[in-house]
Every structure is written in structure tokens, then in C-alpha cells.
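1. Provided below for reference: sequence and predicted model.
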Amino acid sequence: MGKVSKQRTKYNPKSLCVNLCMVMGLTVTATLTACSSPNKSAQATNQNLEASANGVDSSKINQSYEVEEVATFDEPWAINTLPDGKLLITERQGKLKLFDPSTRQSVDVQGVPVVAYGGQGGLGDVVIHPHFSENQWVYLSYAVQGQGGYGAEISRAKLDLTNPQQPKLTGLEKIWEQVPKMSGQGHYGHRMLFDFEDQLWVASGERQHFDPAQDMNTNLGKVLRLSDDGTPADGNPFANQGAVAKQIWSLGHRNPLGMALDLQGQLWVVEMGPKGGDELNLIKKGANYGYPIVSNGDHYDGRDIPDHDTRPEFQAPAISWTPVISPSSMIIYQSEQFPQWQGKAIIGGLSSESIVIVDLSQAKDNIAKEVQRLDMGERIRGVVSANDGSLWVIEDGSNGKLLHFTAK
């Protein structure tokens, strides 16, 4: 059998259907590629045939929708909604925008921390506290430069909307950081998500340094479970292994860029693979997801990485993509405006220029299926669900459009 390429090539949206972004307060994100060696060809071919049979051909849906272009932003990275329907949108160079859909006007929020802009870094995610109406807390993740190189930090502050034309952050305090800082400006991850118990989940990338994902002395390449003040949450599985390990819920992650909770309260994370092998994982307490020891992709220089099924001690993905989708963000849709998307993951795709819809109904068997792909024609950076169940979507890039999805 001939060699099957795992290159991070762009999907032909006419031949496959799938897409995902991020929904109200639940997020996620990613990017990458893959190539296979001869001993992986039959395996990769079977995986692609299985994905076609299980995810696209037999379970395909065709939820209709309408899209309106509403505004543009400069390198938007994350989007979230406030209780009154306004939007918070981060721009990578360090601006936080407050956007009013009713007037289609945006203003800069003052008091944003200084960020290290460059590479994949800058101002990253934004989420609000589950009790925002009482405490006004907003959480920001961002890249900084310091001793040893670069790393992500998270700060929280109160959003003061006393003067709607001059919103500002007050009482800014850093509550978490990646350790240690590393060279390079990629794979920060730094997605955030609050769960139903007000715990703060953080997806932390391995910073393109591979081995930290397996090192319990660093919080890189991990999914972390924190209290809302940034301290390790009670009940984490590695609490007796040191100060950093106390934060860790799972390990062996590469560049996790989307997180969301399903209708059963289970955590899902989507992450970029290397050269091939983007992954959607159901996150389990204490589990090791294997990177860089295993992956369904390979190194960019062509060196082989053993596939997941060669090492059953590591947790395998519920679905992987080769060619890749380059996930940027994720939500799990819980509203009614798009009935065929209820309970499904919506993933934003960068290189695939798509939104990928994934069915999660077979989670107990660790199986997820791509069931629809929306051809967007642009790199999709983020998605969030509005209060009325419509979707807000942001494109990537210097003139990234804000799109509004409504039922057709």
C-alpha cells in the first residue's frame, strides 16, 4: 500500500463536512500538520475510512443557518458574552473590546495588562466569573516575557461599566502563570473555562518544547483545575506530588485550544496535533494523553511518532483528524435555535477555514463523530452562543469579521 500523507493540508469542504468554535463561557483553540511513514499507511487509511463511515457519511446532518457580517476586529483571539448581551472580544496586540450588538459600536476597555505580542502570543482568552452579576470579575489570559523567555499568565479584574463609554478594569491581579518560562512564542494554549462548581479550568500548551507535557514539575502540556482565585482546586489527582503538580488534572497534551462541558458535565478538549493528528479528547481525572510519546501525527521534520493504538496505557482521542482541521476554539451547543446542533461540539477551524460539528453521543465508548462541516472560506478563531441561542463567530486575522449566525 502506498504512503498516506499526514500533511496539514487544507480540506476540500465539498468532500467532507465538519466544524467547531466556542460557545457561551465554554471555549477551546488549535493549529498544525502531519506526514506518515510506510508502517503507518494502512493504519492511517483505515482511520480515514472509519472517520468517513462513522463521522461523515452515515451520520451527516444538514442544519441550516444564515450568516450576517456585523463588524471587523484586528487579530481577534477570543469572544465571550456578558449577561446583558454585549460582547467582550480580545485583540492579540493587547486590546479588549466591549461590543454592543444593538448599536454595532465597540469601545476599548481600559486597564488591560501589558502583553508580549509576537508569534502566537499576545492577549488571549477572556471569560467571566459564573457570578459575574454579583462580583463583576473578568479573567484574561495573555503572553508575557520574563526570566527564561515567554509564558502565559492569567489575571482577573472587576469590569467597571459605570460609564458605558469608558469601561475599565479595576483591581487587576495575576492569579496564575505557566512555569517555567521558555524560549519561543508558540503553543501557549491558555484557554479558560468555568465549570458548574465555579472551578476554573485552564488548557496549558507545551510551548513547542515537547517533553514538558510529561514532566510533573511543570504545568505545560497539561489541563489544570483551579479555584477561582488561581490556587489548585481540592481533589486534584496529583496533589501529593508537589506545588505545581497540585494544579494538574491531566497531562500529555500538545496545544489545547478549546474546552467545553457537555450536557452531562463532562469536559472535552480539542487540541492541535503535530504534522497531522488533531485531537478531540474526553478529559478524565489523572489520565495521560500521551504526547509527545504517541500521536496520530508525526514531527514536522518527518520523524515518526508512534500512533495511539501502539501504547494502550495512554488515553486515546475520541476522534482525530488527518488532514487536520487546526482547531482554534470550541463550544458545546446547549440552546434551541439550531436543533440539530444541540449537545454537539462546535469547533472553529483555522487552516480548514471551517466550523466543524461533532456528535458526542457515544462518549461512553470514547467515540466522537464529525457530522457537519461549514465551509467558511476564512480562518475561524472563535465561537460563542448568545443568550437567544444564536451564535457569534470571529474570523482570524487583521480584518477578522464578527459574524452572527441565526436560524434560517
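-> Alright, I've got the coordinates.
2. for residue 232, which residues count as its bridge partners?
-> Counting by DSSP bridges, residue 232 forms beta bridges with residue 226.
3. who are the contact partners of it?
-> Contact partners of residue 232, counting by Cβ atoms under 8 Å, 6 or more residues apart in numbering, are 225-226, 239, 246-247. Just so you know, the C-beta spots here come from the backbone N, C-alpha and C atoms, and that holds for glycine as well.
4. would you turn these into JSON lines with neighbour count, pLDDT and distance to residue 348?
-> Formatted as JSON lines, those follow (neighbours: other Cβ atoms under 10 Å; pLDDT from 0 to 100; distance: Cβ to Cβ, whole Å):
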{"residue": "225", "neighbour count": "25", "pLDDT": "98", "distance to residue 348": "24"}
{"residue": "226", "neighbour count": "21", "pLDDT": "98", "distance to residue 348": "24"}
{"residue": "239", "neighbour count": "15", "pLDDT": "97", "distance to residue 348": "34"}
{"residue": "246", "neighbour count": "20", "pLDDT": "98", "distance to residue 348": "32"}
{"residue": "247", "neighbour count": "24", "pLDDT": "98", "distance to residue 348": "26"}
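5. which members of these are the farthest-apart pair?
-> 226 and 239 (12.5 Å; Cβ to Cβ).
6. quick one on the thing from earlier: any idea which of the contacts of residue 232 is closest to residue 97?
-> Distance to residue 97, by Cβ to Cβ, is smallest for residue 226 among the contacts of residue 232, at 26.2 Å.
7. surely that closest one meets residue 249?
-> No - using Cβ atoms under 8 Å, residue 226 makes no contact with residue 249, being 9.5 Å away.
8. any common contacting residues for those two?
-> residue 201.
9. which residues of the stretch 251-400 of the chain fall in strands?
-> In the stretch 251-400 of the chain, the strands defined using DSSP state E, counting those that start in this stretch lie at 255-261, 267-272, 278-282, 319-321, 327-332, 345-349, 354-362, 367-375, 380-385, 391-395, 400-406.
10. and the last one, C-alpha only, in PDB?
-> Think strand 400-406. Once non-C-alpha atoms are left out, strand 400-406 reads as follows in PDB (Å, rounded to 0.1, in the frame of the first residue of the first chain):
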ATOM      1  CA  GLY A 400     -11.300  39.500  11.200                       C
ATOM      2  CA  LYS A 401     -15.000  39.700  10.800                       C
ATOM      3  CA  LEU A 402     -17.600  39.300  13.500                       C
ATOM      4  CA  LEU A 403     -20.300  37.100  12.100                       C
ATOM      5  CA  HIS A 404     -23.800  36.400  13.500                       C
ATOM      6  CA  PHE A 405     -25.400  33.000  12.900                       C
ATOM      7  CA  THR A 406     -29.200  32.700  13.100                       C
END
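11. give me the mean pLDDT for it.
-> Computed over strand 400-406, the mean pLDDT rounds to 98.
12. all set, thanks.
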